[in-house]
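Q: Dropping a prediction and its sequence here:
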Amino acid sequence: MNDTTTATAEILQDVEDYLLGRRPDYLASPYGFYAKYRESQPVLRTPAIALVFGFEHSRAVLRDPRTFSSRRRAGSRNDHALAQMTPELAIRAQHVLDFVDGWMLGQDDPNHARLRKIVQRAFTPARVNALADEIRVVSRQLLDQMDPSQTVDLIDCFAYQLPIIVIGRMLGLRPEEFPTLREWSRAIAVFQGTEFQPSSVDAAHAAVEGFAAYVDDYVRTRHVAGVTDNLLDALIEAEADGERLTTAEVVSNFGLLVFAGHETTTNLIANAVRSLVRNPEQFQLLRDGGVSIQIALEELLRYDSSVQAAHRVATVDTEIGGVPIAKGTTVRLAIGSTHHDPRIFTDPDRLDLHRFESGELTHLGFGLGSHFCLGSILAKLEATIGLEDLFARFAAIEVLEEDVTWSESTTNRGMERMPVRLSG
């Protein structure tokens, strides 16, 4: 191992603390951690994983699905994690991994394309934009329920509620079911985002069992054969290449749609508000109409991305930036780090809402290539409408930083609790 990839015991401990969510300071802001290694060790190997911190290297990996697969392979981080568990716990963890592996995100083409084709019709620009009026009604109803004389948790009252209501309606869910589905999604997020730690297995396993029982009950009591009135019905009835989806495929991708349909947007809205509050000049620029909310969102997605990492697995012995990567190695692309790479973004730690106006820059917040986020248009529309309505309703927003709590996940960046004071 050459000098640029040598991981000392101190570095390994630092990386493990980051990956497992053990450092509250890294959860509150991982960007110092990224900066520490982006220049000195842009590709850092550990016994379980290879971390990639730079933009160009990460983009190259995402553009090469033959060499870097979205599917789990023998020797990947999953095997490393399972080996640390008791046999009983490993069985439960494997059940969760099978559920996550069934997501279309965890598939390569042609199976990825087969699954994506089934749901992509619901996320075309025309169909998503047709939801704008409905989204605005929901947004304003939520704001009507917020009492500006009281400290409110912006996550529970707004940032979570808006996307879960929208995706819930698309899936045919009942409002009283949302809290349970949210808890299941959180359990999966923590399991994934802390490198499959034993302490997260039981809750994640219960979540997978819950998703499976939900689909089973839905099929028995609510689904009508031949009807595709919503996305869950569409999954149940779908045929791909002449074959119906298996029960496991329906359960996994139902779980994915619930999870991805609200988690990323919840964090996008909340992180955006916090970033703007912490940068009052840029916030005022947006309020004054000096930049469009659509352009501002691209910078807010870059500056404090709700997606902090993507994972691929090497299908052959290869290299990244001259660093050898063995077949089966899990490669973690530190998306949050790529967005602060000074080779790509001038003064990257500064929020600049004009940054993406020229159209020459891009970020990796929604992925790249065939795995580009299916719900990106919906997420941006929900965030656009939600933020516009929030800022129009309240002239001042104060985030009570001392009471903010962060998710344990280092893959999906977001707050569990975000108390704010509102006025105006």
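A: Looks like it arrived, so ask away. Please read all numbers here as calculations on a predicted model, not as lab measurements.
Q: can you list the weak-confidence ranges in the stretch 51-200 of the chain?
A: 73-76, 195 (pLDDT under 70).
Q: which residues in it form helices?
A: 55-62, 77-83, 87-101, 111-120, 125-129, 132-144, 154, 161-171, 178-193, 198-221 (DSSP state H, counting those that start in this stretch).
Q: looking at those, which is closest to Val15?
A: Closest to Val15 of the helices of the stretch 51-200 of the chain, according to C-beta to C-beta: helix 77-83, at 12.5 Å. Using the backbone N, CA and C atoms, a C-beta is placed for each residue, glycine as well.
Q: CA-only coordinates of that closest one in CSV, if you can.
A: Taking C-alpha atoms only, helix 77-83 is exported to CSV below (Å, rounded to 0.1, in the frame of the first residue of the first chain):
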residue,chain,number,x,y,z
ARG,A,77,-19.0,-4.5,3.1
ASN,A,78,-22.1,-6.6,3.8
ASP,A,79,-20.1,-9.8,4.3
HIS,A,80,-17.7,-7.9,6.5
ALA,A,81,-20.6,-6.6,8.7
LEU,A,82,-22.3,-10.0,8.9
ALA,A,83,-19.0,-11.7,10.0
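Q: what's next to it, contact-wise?
A: 47-49, 72, 90, 93-94, 97, 195-197, 311, 330 (C-beta atoms under 8 Å, 6 or more residues apart in numbering).
Q: Buried residues of it, list them for me.
A: For helix 77-83, burial by neighbour count (16 or more other C-beta atoms under 10 Å) applies to 77-78, 80-82.
Q: Can you pick out the most distant pair from the residues you listed?
A: Maximum distance among the buried residues of helix 77-83 (C-beta to C-beta): 9.7 Å, for Arg77 and Leu82.
Q: Setting aside sequence neighbours, what's the nearest residue to Gln84?
A: Distances taken as C-beta to C-beta, 6 or more residues apart in numbering place Pro198 nearest to Gln84, at 7.3 Å, with adjacent residues excluded.
Q: List the contacts of that neighbour.
A: With C-beta under 8 Å, 6+ apart, Pro198 has these contacts: 84-85, 89, 93.
Q: just the buried residues of helix 77-83 now: which is nearest Ala392?
A: Of all those, Ala392 sits closest to Arg77, with 44.7 Å by C-beta to C-beta.
Q: separation between the closest one and His311?
A: 8 Å (C-beta to C-beta, to the nearest Å).
Q: So for these two, which residues contact both of them?
A: Thr330.
Q: what about the closest residue to Ile155 other than its chain neighbours, neighbour count?
A: Counting by C-beta to C-beta, 6+ apart, Ile155 lies nearest to Met418, which is 4.9 Å off, once chain neighbours are set aside. The burial count assigned to Met418 is 27, neighbours taken as other C-beta atoms under 10 Å.
Q: now Met418: how far from Val277?
A: Taking C-beta to C-beta, one finds Met418 at 10 Å from Val277.
Q: Quick check: neighbours shared by these two?
A: Val399.
Q: circling back to that earlier point, of the buried residues of helix 77-83, closest to Gly102?
A: Asn78 (13.7 Å).
Q: and stretch 19-28, which residues are buried?
A: Residues of stretch 19-28 classed as buried: 19-21, 26-27 (neighbour count, 16+ other C-beta under 10 Å).
Q: what distance separates the start and the end of it?
A: 13 Å (C-alpha to C-alpha, to the nearest Å).
Q: Show the average pLDDT along the helix of greatest length in the chain.
A: Taking DSSP state H as the criterion, the chain has its longest helix at helix 247-277. Average pLDDT, helix 247-277: 94.
Q: relative to helix 111-120, how tilted is that helix?
A: 70 degrees (axes from the mean of the first three to the mean of the last three C-alpha atoms, to 10 degrees).
Q: So for helix 247-277, what gets flagged as buried?
A: So for helix 247-277, counting by 16+ other C-beta under 10 Å, buried means 249-276.
Q: Quick check: what element follows it along the chain?
A: Counting by DSSP states H and E, the element after helix 247-277 in chain order, helix or strand, is helix 280-287.
Q: That following helix - contacts with which helices or strands?
A: Judged by 3 or more C-beta pairs under 8 Å, 6 or more residues apart in numbering; DSSP states H and E, the packing partners of helix 280-287 are helix 247-277.
Q: would you put the C-alpha positions of stretch 174-186 in CSV?
A: Extracted in CSV, the C-alpha atoms of stretch 174-186 (Å, rounded to 0.1, in the frame of the first residue of the first chain):
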residue,chain,number,x,y,z
ARG,A,174,-54.1,6.0,4.6
PRO,A,175,-53.0,9.1,6.6
GLU,A,176,-53.3,7.2,9.9
GLU,A,177,-50.6,4.7,8.5
PHE,A,178,-48.0,7.4,7.9
PRO,A,179,-46.4,7.5,11.3
THR,A,180,-45.8,3.7,11.3
LEU,A,181,-44.4,3.7,7.8
ARG,A,182,-42.1,6.6,8.8
GLU,A,183,-40.7,4.6,11.7
TRP,A,184,-40.1,1.6,9.5
SER,A,185,-38.3,3.9,7.0
ARG,A,186,-36.2,5.4,9.8
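Q: what sits up against that stretch?
A: 160, 164-165, 168, 173, 206-207, 210-211, 214, 255, 258-259, 262-263, 407.
Q: Taking those, tell me the two that lie furthest apart.
A: Spatially, the most separated pair among the contacts of stretch 174-186 is Ile165 and Ala206, at 24.4 Å (C-beta to C-beta).
Q: These two - which one has more neighbours?
A: Ile165 (21 against 15).
Q: I'd say that one and Val138 touch.
A: Yes: under the criterion of C-beta atoms under 8 Å, Ile165 makes contact with Val138 at 5.2 Å.
Q: buried stuff in stretch 415-424?
A: Here stretch 415-424 shows 415, 418-420, 422 as buried, counting by 16+ other C-beta under 10 Å.
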